[in-house]
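Asker: Let's see this in three dimensions:
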Amino acid sequence: MSVKYIFITGGVISGLGKGITAASLGRLLKNRGYKVTIKKFDPYINVDSGTMNPYQHGEVFVTKDGAETDLDLGHYERFLDEDLWASSNITTGKLYWNVLNKERRGDYLGATVQVIPHITDEIKRNIFDFEKNNLVDIVITEIGGTVGDIESQPFLEAIRQIGVEKPGDVLYIHVTLIPTVPGSLELKTKPTQHSVKELLSLGIQPNIIVCRSDYEISENMLEKISLFCNVKKQDVIENLTAKYIYEVPLKLEASGLCLRVCEHLNLEKKEPNNSKWEEILKKQDSAKKETVIGLVGKYVELLDAYLSVVEALNHAGIYNDSKVKIKYINSDFLKYEDCAKFLEDCDGVIVPGGFGTRGISGIIEAIKYCRENNKPCFGICLGMQTMIIEYFKNVVGLRDVNSAEFEKNAENKVIDIMKSQEKSNKKGGTMRLGVYSCKLRKNSMCEKIYNTEVIEERHRHRYEFNNEYREYLEEGDLKITGVCLKEDLVEIVELSNHCWFVGVQFHPEFKSRPNRPHPLFCSFVAECLKLATEKNKEQYGLESTFAV
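Answerer: A predicted model of the protein is given here:
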């Protein structure tokens, strides 16, 4: 079978859920036995997402091979349960970088380098990469941005050309919004009509239109979209807003999306095996317990900044038959005297990653509160570093303790850029990016949680625990329980005289899946549930806060 190509574009407004649609379709095709991968083309000129502000772009998702990518790749990995790679996320900046380097080397033999054909050929080369082997049956490609944006035009031109070059093997899906008029709740199709007209003007006739809506779309309206947009009525797919994102694949299955895709691409209409996905959704919906977890961070105004952490907590909730309620706490203005007010009703606290000095003092105070009040606390990357800073300040009692990231002239830089790493690290300069192996200390809590001695986890950070201060941790209650095998760097710390107090230098959230939740998150949520149950018994005499 020749490789099939599905291109997903978006219209009307951005943020419609093209990524969730692409991920859901990938899951449905995989459930039919097809080998599927997903790519994302982003029109911005940044080479990658690594330097982009979380407030503008949400989290940076890190792939196994160390690429800093768009957050949609996280959706793809979680839904497909497949690891993706640097080549799965291509930006305009990366494309132009490659083309300009080729031009400087003389690869174009003196030709005038232009958007067409050179940029469009580079786009197509990236799309056709998977034809080199027989590992993939279907490539789903999401085109970022909205049809009509000037920066998206080279991508749309490239996928138009592919439709001509590979007739019968290409499918275009257009995701649009069916909005309502304020006050009347009347659904309107005109924006969809205009969006499809814009796509047609670029030479692309969508085969399937996926209509996002908060309200059910009537048969008459589906017929109207079909008529005005030149597609069959059965190819106008309703995509209603779901309670949980993991409902979307099954909702799209019920709407007939996957069957229509198979019809258009002449794929065998295999019987889907959605039972495992249905089981995940059933467990999520029927959970009787509930736990409240405080997320103390610097970017809480935009929840997408912590998307993978939130999803990993939800996965662990499903595993523990519990709903996880997240309380977002801005660390910018958090003082120790406020911690009881903000954290007392939380069954546990998680401190995710971040960069820069803003909000650090509030994070340290929250960690101190958890340490002193035996409240479960999970520090990730920056979270681990601030755990160590808090311990050295308030337990060890060293003067002027800090990270070199926050105070270069601090007397005791317990977090620093290690010179050995600076010389040897070839992945991103001084950044540790991608997968590194970690050896766990025998009989440590984390070794019991992972149930293995060596683990592999993804990293994204520049600063490390300063090995010159190791003896303080060996002698105290905050123990080093995980060390990077390659570079002898501290990966995990645990507080021995505490119910659950763990800091990790890596990002475990990137490996969590709804069907394979990460063991650290599962253990953390389980401990939070213990506290929730005890608190609930004291207050109400009931087994779960959800039952109140």
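Asker: For the residue nearest to residue 445 when sequence neighbours are not counted, list each beta-bridge partner.
Answerer: The shortest distance from residue 445 to any non-neighbouring residue, by Cβ to Cβ, 6 or more residues apart in numbering, is to residue 494 (5.5 Å). No exception for glycine: its C-beta is placed from N, CA and C like everyone else's. Residues in a beta bridge with residue 494, per DSSP bridges, are residue 479, residue 502.
Asker: Residue 494 and residue 165, how far apart?
Answerer: For residue 494, the distance to residue 165 (Cβ to Cβ, to the nearest Å) stands at 56 Å.
Asker: likewise residue 314?
Answerer: 42 Å.
Asker: who has more neighbours, these two?
Answerer: Each of residue 314 and residue 165 has its neighbours counted (other Cβ atoms under 10 Å); residue 314 has more, 23 against 11.
Asker: List the contacts of that one.
Answerer: For residue 314, the contact set (Cβ atoms under 8 Å, 6 or more residues apart in numbering) comprises 284, 324, 514.
Asker: Just the ones in helices from the residues you listed, please.
Answerer: Mapping those onto helices (DSSP state H) picks out residue 284.
Asker: CSV please, covering the contacts of residue 314 and showing neighbour count, pLDDT and distance to residue 309.
Answerer: Listed next are the contacts of residue 314 as CSV, based on neighbours: other Cβ atoms under 10 Å; pLDDT from 0 to 100; distance: Cβ to Cβ, whole Å:
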residue, neighbour count, pLDDT, distance to residue 309
284, 20, 91, 17
324, 25, 96, 11
514, 23, 96, 15
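Asker: for the spatially closest residue to residue 228 that is not a sequence neighbour, what are its contacts?
Answerer: Once flanking residues are discounted, residue 228 sits nearest to residue 193: 4.8 Å by Cβ to Cβ, 6+ apart. Counting by Cβ under 8 Å, 6+ apart, residue 193 touches 225, 228-229.
Asker: Just to check, the residue nearest to residue 445 is in contact with residue 478?
Answerer: Yes: applying Cβ atoms under 8 Å, one finds residue 494 in contact with residue 478, separated by 7.4 Å.
Asker: what about these two, which has more around it?
Answerer: Per other Cβ under 10 Å, whichever of residue 494 and residue 478 has more neighbours is residue 478, with 25 against 21.
Asker: residue contacts, the more buried one?
Answerer: 387-388, 391, 395, 493-496.
Asker: Quick one: buried ones out of these?
Answerer: Among the contacts of residue 478, those classed as buried by 16 or more other Cβ atoms under 10 Å are 387-388, 391, 493-495.
Asker: what would those look like in JSON lines with distance to residue 161 and pLDDT?
Answerer: JSON lines is the format used below for these (distance: Cβ to Cβ, whole Å; pLDDT from 0 to 100):
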{"residue": "387", "distance to residue 161": "53", "pLDDT": "97"}
{"residue": "388", "distance to residue 161": "54", "pLDDT": "97"}
{"residue": "391", "distance to residue 161": "58", "pLDDT": "97"}
{"residue": "493", "distance to residue 161": "53", "pLDDT": "98"}
{"residue": "494", "distance to residue 161": "55", "pLDDT": "97"}
{"residue": "495", "distance to residue 161": "58", "pLDDT": "96"}
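Asker: Which of the three states applies to the residue located most distally from the centre of the chain?
Answerer: Computed with Cα atoms, centre = their mean, the residue of the chain farthest from its C-alpha average is residue 110, at 42.1 Å. The three-state label for residue 110, taken from DSSP: H, G, I helix; E, B strand; the rest coil, comes out as coil.
Asker: Next one: it from residue 221, what distance?
Answerer: Applying Cβ to Cβ to residue 110 and residue 221 gives a distance of 55 Å.
Asker: Residue 463 too?
Answerer: Following Cβ to Cβ, the distance that separates residue 463 from residue 221 is 55 Å.
Asker: neighbour count winner among those two?
Answerer: Ranked by neighbour count (other Cβ under 10 Å), residue 463 and residue 221 place residue 463 first, with 23 against 19.
Asker: That one reaches residue 405, doesn't it?
Answerer: Yes: applying Cβ under 8 Å as the test, residue 463 and residue 405 come out as touching, 5.1 Å apart.
Asker: any common contacting residues for the two?
Answerer: Contact with both residue 463 and residue 405 is made by residues residue 415, according to Cβ under 8 Å, 6+ apart.
Asker: Against residue 120, how distant is the residue farthest from the centre of the chain?
Answerer: In this view, residue 110 and residue 120 are 20 Å apart by Cβ to Cβ.
Asker: do the same with residue 383
Answerer: Counting by Cβ to Cβ - residue 383 and residue 120 are separated by 44 Å.
Asker: got it, and residue 112?
Answerer: Taking Cβ to Cβ, one finds residue 112 at 15 Å from residue 120.
Asker: can you check residue 528 too?
Answerer: Plainly put, residue 528 is 51 Å away from residue 120 if you go by Cβ to Cβ.
Asker: what about those two, which has more around it?
Answerer: Legend: neighbour count by other Cβ under 10 Å for residue 528 and residue 120, higher for residue 528 (30 against 22).
Asker: My read is that that one contacts residue 347, right?
Answerer: Yes: counting by Cβ under 8 Å, residue 528 touches residue 347, with 4.0 Å between them.
Asker: got any residues that touch both of those two?
Answerer: 291-293, 376.
Asker: Check those residues and tell me the two furthest apart.
Answerer: 292 and 376 (11.4 Å; Cβ to Cβ).
Asker: what do these two both touch?
Answerer: Counting by Cβ under 8 Å, 6+ apart, the residues touching both residue 292 and residue 376 are 347, 528.
Asker: Which parts of the stretch 351-500 of the chain are strands?
Answerer: 377-380, 401-403, 412-416, 432-440, 454-461, 464-465, 478-484, 490-495 (DSSP state E, counting those that start in this stretch).
Asker: just to revisit the earlier point, quick check, nearest of the shared contacts of residue 528 and residue 347 to residue 67?
Answerer: Closest to residue 67, out of all of the shared contacts of residue 528 and residue 347 and judged by Cβ to Cβ, is residue 293, at 29.1 Å.
Asker: secondary structure element for the closest one?
Answerer: Assigned by DSSP states H and E, residue 293 belongs to strand 289-297.
Asker: what's the next secondary structure element after that strand?
Answerer: Moving toward the C-terminus from strand 289-297, the first helix or strand encountered (DSSP H and E) is helix 307-319.
Asker: starting at the chain centroid, how far to that next one?
Answerer: Remark: helix 307-319 is offset 11 Å from the chain centroid, using Cα atoms, centre = their mean, to the nearest Å.
Asker: What's the mean pLDDT across it?
Answerer: Averaging the model's pLDDT scores along helix 307-319 yields 97.
Asker: go on, stretch 166-184?
Answerer: 93.
Asker: Mind listing what's buried along that stretch?
Answerer: 169-179.
Asker: what about that stretch, how long is it end to end?
Answerer: 45 Å (Cα to Cα, to the nearest Å).
Asker: go on, stretch 397-415?
Answerer: Across stretch 397-415, first to last residue, Cα to Cα, it's 16 Å.
Asker: Pick out the residue nearest the middle of this protein.
Answerer: Centroid-nearest residue in the chain: residue 74, 3.3 Å away (criterion: Cα atoms, centre = their mean).
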